[in-house]
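Q: this one's sequence-less:
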Ligand SMILES: Cc1ncc(COP(=O)(O)O)c(C=O)c1O
C-alpha cells in the first residue's frame with residue numbers, strides 16, 4: 001500500500017483542481033504565493049453533502065455493533081493527503097481539526113510512508129512488546145532520538161503510555177507516590193499501609209487530592225475524569241473524588257487591550273488556588289499536585305498569561321505540591337513553540353509534563369524526584385508502543401528540516417488576523433478571536449449557530465471542530481500554510497455571509 005501511495009503522489013502533484021474562486025464566492029482573502037507540498041491536493045472538492053450516502057450506509061452498519069452518536073462520517077485514509085481528508089463519498093475537505101488535533105504533519109506524509117517500507121523497522125510494527133518487562137534493544141536509543149530530544153527544560157526522564165488519559169492517570173499516581181514518600185520521610189510502607197490499601201482505606205490509600213481548574217479537560221478515565229470539568233456528559237453517573245476545583249481566569253480578548261482587567265481576574269483565581277490548598281489541607285486531604293493545561297482546549301480555548309502560570313508554579317512549589325502541565329493538546333508545535341509552556345519563559349516550568357496526540361505516543365516527562373521508587377507501581381502491559389517512537393523521530397526530523405514551527409507562527413498570524421477581520425465584518429455572530437500559533441479559536445453568538453456554521457463549512461469543504469459552549473477551535477496540522485489559511489477564510493466568509 002505504501003509504495004502504491006508514494007507513486008500516486010507523483011501523479012497527484014500534476015493534477016490541478018481549480019476551485020479557489022467558485023461562482024458567487026465573496027472573495028475576502030488573497031491567496032498567498034503557493035509553496036505547495038508536492039504530495040498534496042490543490043483544494044477542497046465536494047461531491048455530496050456530508051455525511052454522503054456511503055457514510056450513512058456505513059454508519060447504519062456500525063450502529064448494529066456500537067454507539068455511533070459521535071461518528072461524523074467515514075474516511076478514505078488512503079486517498080487523504082497533507083491537509084486534506086477524503087471521505088468515502090469522494091469528498092475532499094481541508095482538515096482544520098486533524099483527528100482532534102492529533103495529526104502532526106498531515107495525512108500520508110511521504111517521510112512516514114518511507115519509514116514503513118524500511119525493512120529495519122518491520123519488527124517494530126509487527127511485534128508490539130510488553131515494554132515494561134521486555135523492551136527491544138534499540139529502545140534507549142530511540143527514546144533519546146525521539147522524546148528526549150524535545151524534553152522540556154529541567155527534565156531528562158520520560159515514561160511512555162498509550163493515550164492522553166492514561167498518561168495523566170499515571171502522572172497523578174506518580175505525584176501521589178512522591179507526596180506520600182515525602183510525608184513518610186522514607187519509601188518503606190508499613191504493615192498497616194500494605195493491609196489497608198487492599199481494602200481501599202487509609203493510610204495505605206491516603207486522603208490526598210489533585211487541584212484542577214473549572215473548564216479543564218484531562219481525560220475520561222476515573223482519576224483523570226475527577227480533574228475534568230469541561231462538559232457534564234463526560235462525567236455524568238461516574239463516581240468521583242472530592243478534590244478542589246479552582247476557577248480558571250476568564251480573560252477578555254484581544255489580550256493586549258485588557259491587560260489591567262485580565263491581571264485582576266488572574267489575581268482573583270490565584271488567590272482562590274491558595275485558599276483551596278489551605279482548605280483541603282485543613283479537611284485532611286492535602287493537595288499533592290496541581291494540574292493545568294497551558295490553554296484550556298476542550299473547555300473552550302481559554303488562555304492565561306505567562307505571569308499567571310509563573311505564579312501558579314510558584315504557589316505549587318511554596319505549598320509543596322507537584323506541578324503538572326498537561327500538554328496533551330497543546331504539545332507538539334501548534335502554538336509556534338514545541339511546548340506551549342515554553343511561551344512562559346521559565347527554566348523550571350513544571351515537575352510533570354504529559355503529552356499524547358501529535359507526539360504519536362502518550363506519556364509524561366518528569367523530574368527525577370517523581371520517578372516511582374519500585375517496579376510495577378507505574379506499569380501496564382504495553383506502556384506505549386515503540387513503533388510510535390519511530391514515527392515521532394521522523395515527525396521531528398520533518399519539523400526541523402521544514403522549519404515547521406516558524407511556518408506555524410506565520411500561518412497562525414494570518415489565521416488570527418483573518419479571524420479579527422471576520423469578527424469586524426460579522427459582529428453579531430463572531431467575537432473573542434484568540435490564539436497562539438495556529439492554536440486559535442473564535443466564539444459564535446450561540447451554540448445552535450456554532451453547530452450550524454460547522455456543518456455548513458463542512459459541506460463547503462472545510463472541516464472544523466467545536467469546543468466549550470459556543471467556540472470554534474482551529475487545530476490544523478503543522479503543514480498548514482498561509483495559502484491554506486486563505487482557502488479557509490474565503491470559505492468561512494461565504495458561510496457567514498449566507499448565514500440567516
Ligand atoms: C488536554 C488534554 N488532556 C487529556 C486528554 C485525553 O487524551 P485521550 O483522549 O488521548 O485520552 C485530552 C484529549 O483531548 C486533552 O485535550
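A: Yep, it's here. Only a predicted model underlies this, so the values are computations on that prediction, with no experimental measurement involved.

Q: Please count neighbours and contacts with C-alpha atoms only from this point.
A: OK.

Q: residue furthest from the geometric center of this protein?
A: Distance from the C-alpha centroid of the chain, by C-alpha atoms, centre = their mean, peaks at residue 191 (41.9 Å).

Q: Quick check: that residue vs residue 244, distance?
A: According to C-alpha to C-alpha, to the nearest Å, residue 191 stands 30 Å off from residue 244.

Q: Over to residue 480?
A: Taking C-alpha to C-alpha as the measure, residue 480 falls 39 Å from residue 244.

Q: got it, and residue 379?
A: As judged by C-alpha to C-alpha, residue 379 and residue 244 stand 27 Å apart.

Q: Tell me which of the two has more neighbours.
A: Each of residue 379 and residue 244 has its neighbours counted (other C-alpha atoms under 10 Å); residue 244 has more, 22 against 15.

Q: quick one: contacts for that one?
A: By C-alpha atoms under 8 Å, 6 or more residues apart in numbering, residue 244 lies in contact with 209-212, 276-277, 280.

Q: can you put those in TSV and add distance to the ligand, secondary structure and pLDDT?
A: As requested, these are exported to TSV (distance: C-alpha to the nearest ligand atom, whole Å; DSSP: H, G, I helix; E, B strand; the rest coil; pLDDT from 0 to 100):
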residue	distance to the ligand	secondary structure	pLDDT
209	18	strand	98
210	15	strand	98
211	15	strand	98
212	12	strand	98
276	22	helix	98
277	22	helix	98
280	24	helix	98
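
Q: Next, give me the two most distant ones among those.
A: Spatial extent of those (C-alpha to C-alpha) is set by the pair 212 and 280 at 12.7 Å.

Q: Next up, the contacts around residue 399.
A: Applying C-alpha under 8 Å, 6+ apart, the residues near residue 399 are 405, 478.

Q: Which element, helix or strand, includes it?
A: Following DSSP states H and E, the helix or strand that holds residue 399 is helix 386-401.

Q: what pLDDT, on average, does that helix get?
A: Confidence for helix 386-401, expressed as mean pLDDT, is 97.

Q: Report the buried residues of it.
A: Buried residues in helix 386-401, counted by 16 or more other C-alpha atoms under 10 Å: 386-396, 398-399.

Q: Closest to the ligand out of these?
A: The ligand lies nearest to residue 388 out of the buried residues of helix 386-401, by C-alpha to the nearest ligand atom, at 14.1 Å.

Q: picking up where we left off before, looking at residue 212 and residue 280, which has the bigger crowd around it?
A: Ranked by neighbour count (other C-alpha under 10 Å), residue 212 and residue 280 place residue 212 first, with 26 against 18.

Q: Wait, that one touches residue 287, no?
A: No: in this structure, residue 212 is not within contact of residue 287 by C-alpha atoms under 8 Å, at 10.1 Å.

Q: List the residues that contact the residue lying closest to residue 210 once chain neighbours are set aside.
A: Among residues not flanking residue 210 along the chain, residue 289 sits closest, at 5.0 Å (C-alpha to C-alpha, 6 or more residues apart in numbering). Residue 289 sits next to 172, 175-176, 209-211, 316, 321-324 when contact means C-alpha under 8 Å, 6+ apart.

Q: same check, this time on residue 469
A: By C-alpha under 8 Å, 6+ apart, the contact set of residue 469 is 299-300, 446-447.

Q: for residue 344, same thing?
A: Residue 344 touches 305-307, 309-310, counting by C-alpha under 8 Å, 6+ apart.

Q: Same question for residue 398.
A: 105, 111, 404.

Q: so what pLDDT did the nearest residue to the last one once chain neighbours are set aside get?
A: Okay, so that is residue 404. Spatial nearest neighbour of residue 404, chain neighbours left out: residue 478 (6.1 Å); criterion: C-alpha to C-alpha, 6+ apart. Residue 478 is assigned a pLDDT of 98 by the prediction.

Q: which phi and psi does residue 478 have?
A: phi -70, psi -10 (degrees, to the nearest 10).

Q: Distance check, residue 497 against the ligand.
A: 31 Å (C-alpha to the nearest ligand atom, to the nearest Å).

Q: Counting neighbours, what do you get for that residue?
A: Residues near residue 497, counting by other C-alpha under 10 Å: 13.

Q: and it, what does it touch?
A: Residue 497 touches nothing, counting by C-alpha under 8 Å, 6+ apart.

Q: and it, which of the three is it?
A: Of the three states, residue 497 takes helix under DSSP: H, G, I helix; E, B strand; the rest coil.

Q: gap between it and residue 470?
A: Using C-alpha to C-alpha, one gets 19 Å for the distance from residue 497 to residue 470.

Q: re the thing from before, check what pLDDT the residue farthest from the centre of the chain gets.
A: Residue 191 is given a pLDDT of 98.

Q: same check, this time on residue 29
A: The pLDDT attached to residue 29 in the predicted structure is 64.

Q: Where does the residue most central in space within the chain fall, secondary structure wise?
A: Centroid check for the chain by C-alpha atoms, centre = their mean gives residue 329 as the closest residue, at 1.5 Å. Of the helices and strands defined by DSSP H and E, none includes residue 329.

Q: What are the phi and psi values at it?
A: Reported as degrees, to the nearest 10, the phi and psi values for residue 329 are phi -100, psi -30.

Q: next one: the one 4 residues further on
A: Per-residue torsions, residue 333: phi 120, psi -10 (degrees, to the nearest 10).

Q: Now do the same for it: its pLDDT.
A: We have a pLDDT of 98 for residue 333.

Q: Let me know whether it touches residue 342 as I believe.
A: No: with contact defined as C-alpha under 8 Å, residue 333 does not reach residue 342; the gap is 10.5 Å.

Q: Looking at the two, which has the bigger crowd around it?
A: With neighbours defined as other C-alpha under 10 Å, residue 333 and residue 342 compare such that residue 333 has more, 25 against 17.

Q: Now do the contacts for the more buried one.
A: With contact taken as C-alpha under 8 Å, 6+ apart, residue 333 is in contact with 339-340, 405, 408, 478.
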